[in-house]
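Undergrad: Predicted model, plus sequence, below.
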Amino acid sequence: MYNTKKITEDLYWVGANDRRLALFESVYPVPAGISYNSYLLLDEKTVLLDTVDKSVNHQFMENIEHVLDDRKLDYLVINHMEPDHCAEIAAIVKKYPEIKIVCNSKIQTMIGQFFNFELPESQWQIVKEGDSLSTGRHNLTFVFAPMVHWPEVMVTYDTTDKILFSADAFGSFGAVDGNIFADEVDFDLRYMDEARRYYTNIVGKYGMQVQALLKKASNLEIKMICPLHGYVWRKDLDKFIDKYQKWSTYTPEINSVLIAYASVYGGTQNSAEILATKLAELGVKDIKMYDVSTIHPSYIVADAFKYSHIVFASTTYNMGIFVNMETLLHDITAHNLQNRKVALIENGSWSPFSGKLMTDIITGWKNTEFISEKIQLKSTVKKDNIEELDKLAKAIVETM
Ligand code: FEO
């Protein structure tokens with residue numbers, strides 16, 4: 001049965017939630033589910049903005065039928081060709097064979113890559129940056145946003161109601177629970193961490209491109225943001241845009257310490273715990289610790305974007321970095337993290353080597369400084385190490 005949500009007097013959410021998906025993009029755990037947002041505009045012409053993932057196709061089709069209420073579907077605007085949004089394009093074309101697809105040329109090429117249907121030239125409206133489509137009362141303008149998150153991405157701006165259909169930007173992990181507007185839920189408490197984890201892991205690598213989109217958006221009067229995942233924003237837009245400013249410029253949100261450790265028999269964990277206690281005794285608040293063996297790296301990547309200081313503590317394993325720590329460091333590198341202060345603890349019962357290897361990886365991070373020399377443990381924390389941890393805690397605090 002249909003389940004739609006009214007956004008404005010003539011705009012409807014016709015998306016759906018997937019609450020069973022284990023791994024979004026086959027990588028990211030989504031314990032609170034994920035929403036695939038699609039929007040249907042009922043103007044003199046009817047316009048569907050993006051489709052959904054194939055997992056929710058039945059709900060989506062029922063939603064469209066209900067909102068259209070026997071009207072025909074005139075336009076399908078495609079902003080992004082990742083299959084979590086484009087999967088139902090062929091089904092829409094089949095069901096509404098007279099539909100006109102509105103997209104840019106890169107999107108048209110990708111449609112040819114993902115699908116086998118053919119449409120006459122008259123049913124394609126290929127747009128360039130800044131082109132517009134009048135649908136009656138509304139006027140839609142297309143703004144290109146390459147690499148937010150794929151190269152073909154564009155966003156659509158409704159100049160009439162000042163609504164930005166922002167594609168992946170301003171989205172979040174987590175299904176939408178009844179409400180559709182971010183101001184109807186305690187977003188900070190329930191969703192901000194997931195919005196950060198979504199941003200940093202999905203588009204975190206492309207800070208410059210997100211900056212370019214934010215610059216374009218700053219020239220638009222925006223009253224509402226309709227993303228492809230998560231809640232719709234109609235209040236406190238500046239607050240969320242400010243988060244995007246920070247995340248896309250790799251600016252820490254808080255001045256505090258994230259400690260990520262890899263420990264096989266507890267020695268390395270012990271050093272991390274002692275360091276955390278010493279930092280707390282020196283007045284550091286909001287210290288966060290992660291055991292990299294038990295927490296999915298996407299959560300740690302997200303907090304690496306949040307915290308100003310990061311301590312990595314790892315045992316040596318097969319003459320390398322412990323595998324989960326190595327994965328984490330490569331993951332953070334791939335997401336282009338910059339502007340951090342880092343300290344290292346290595347452990348090894350006969351040949352501690354992880355510190356050098358971690359240094360080699362982190363040296364590639366832009367504008368990232370090491371705080372003092374690495375601390376070396378041999379199996380367990382000894383008296384000398386306590387003094388070193390004490391010094392490290394003080395050195396960290398001095399840089400805060
Ligand atoms: Fe939600 Fe890049 O797709």
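TA: Received it, and whenever you're ready, just let me know what you need. All figures in this text were calculated on a predicted structure; none of them were measured in a lab.

Undergrad: quick one, what contacts the closest residue to the ligand within the stretch 201-350 of the chain?
TA: For the stretch 201-350 of the chain and the ligand, the shortest gap (C-beta to the nearest ligand atom) falls at Leu228, measuring 5.2 Å. Every residue, glycine included, has its C-beta placed from N, CA and C. Taking C-beta atoms under 8 Å, 6 or more residues apart in numbering, we find Leu228 in contact with 36-38, 50, 79-80, 84-85, 166-168, 171.

Undergrad: among the residues you listed, which are in reach of the ligand?
TA: With the criterion set as C-beta under 6 Å from any ligand atom, the members of these near the ligand are 80, 84-85, 168.

Undergrad: thinking again about what came up before, the residue of the stretch 201-350 of the chain closest to the ligand and Gln269, how far apart?
TA: 40 Å (C-beta to C-beta, to the nearest Å).

Undergrad: Which segments of this protein make up each domain?
TA: Per automatic domain parsing, the structural domains of the chain span 5-248, 258-398.

Undergrad: would TSV of those domains with mean pLDDT be doable?
TA: Listed next are these as TSV, based on pLDDT from 0 to 100:
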stretch	mean pLDDT
domain 5-248	98
domain 258-398	98
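
Undergrad: ok so, going back, could you export the contacts of Leu228 to TSV, including columns for secondary structure?
TA: Listed next are those as TSV, based on DSSP: H, G, I helix; E, B strand; the rest coil:
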residue	secondary structure
Tyr36	strand
Asn37	coil
Ser38	coil
Asp50	coil
Asn79	coil
His80	coil
Asp84	helix
His85	helix
Ser166	coil
Ala167	coil
Asp168	coil
Gly171	coil
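
Undergrad: Return the entry from those residues with the maximum number of neighbours.
TA: Comparing those on neighbour count, Ala167 comes out first with 29 neighbours (neighbours: other C-beta atoms under 10 Å).

Undergrad: neighbouring contacts of stretch 269-285?
TA: The set of residues external to stretch 269-285 that reach it, using C-beta under 8 Å, 6+ apart, is 256-257, 259, 261, 263, 287, 289, 291, 311, 313, 345, 347, 375, 377, 380-381, 385-386, 389-390, 392-394, 396-397, 400.

Undergrad: and the residue of the stretch 1-150 of the chain nearest the ligand?
TA: Proximity of the stretch 1-150 of the chain to the ligand (C-beta to the nearest ligand atom) peaks at Glu82, 3.6 Å away.

Undergrad: OK, contacts around the residue lying closest to that residue once chain neighbours are set aside?
TA: Nearest non-adjacent residue to Glu82, counting by C-beta to C-beta, 6 or more residues apart in numbering: Trp150, 5.9 Å away. Residues in contact with Trp150 (C-beta under 8 Å, 6+ apart) are 80-82.

Undergrad: Would you mind measuring from the residue of the stretch 1-150 of the chain closest to the ligand to Asp168?
TA: Relative to Asp168, Glu82 is positioned 8 Å away (criterion: C-beta to C-beta).

Undergrad: so what's in contact with these two at the same time?
TA: Taking C-beta under 8 Å, 6+ apart as the contact rule, Glu82 and Asp168 both touch His149.

Undergrad: Could you name the helices and strands sitting against the strand or helix carrying Ile64?
TA: If you go by DSSP states H and E, Ile64 is part of helix 57-68. Here helix 57-68 touches strand 16-18, strand 39-42, helix 89-95, going by 3 or more C-beta pairs under 8 Å, 6 or more residues apart in numbering; DSSP states H and E.

Undergrad: Out of these, which one sits most buried?
TA: strand 39-42 (a mean of 23; mean count of other C-beta atoms under 10 Å).

Undergrad: Which helix or strand lies directly C-terminal to that one?
TA: Where DSSP H and E defines the elements, the next helix or strand beyond strand 39-42 is strand 46-49.

Undergrad: near the ligand, anything from that following strand?
TA: No - under the criterion of C-beta under 6 Å from any ligand atom, the ligand is not reached by strand 46-49; the shortest gap measures 13.6 Å.
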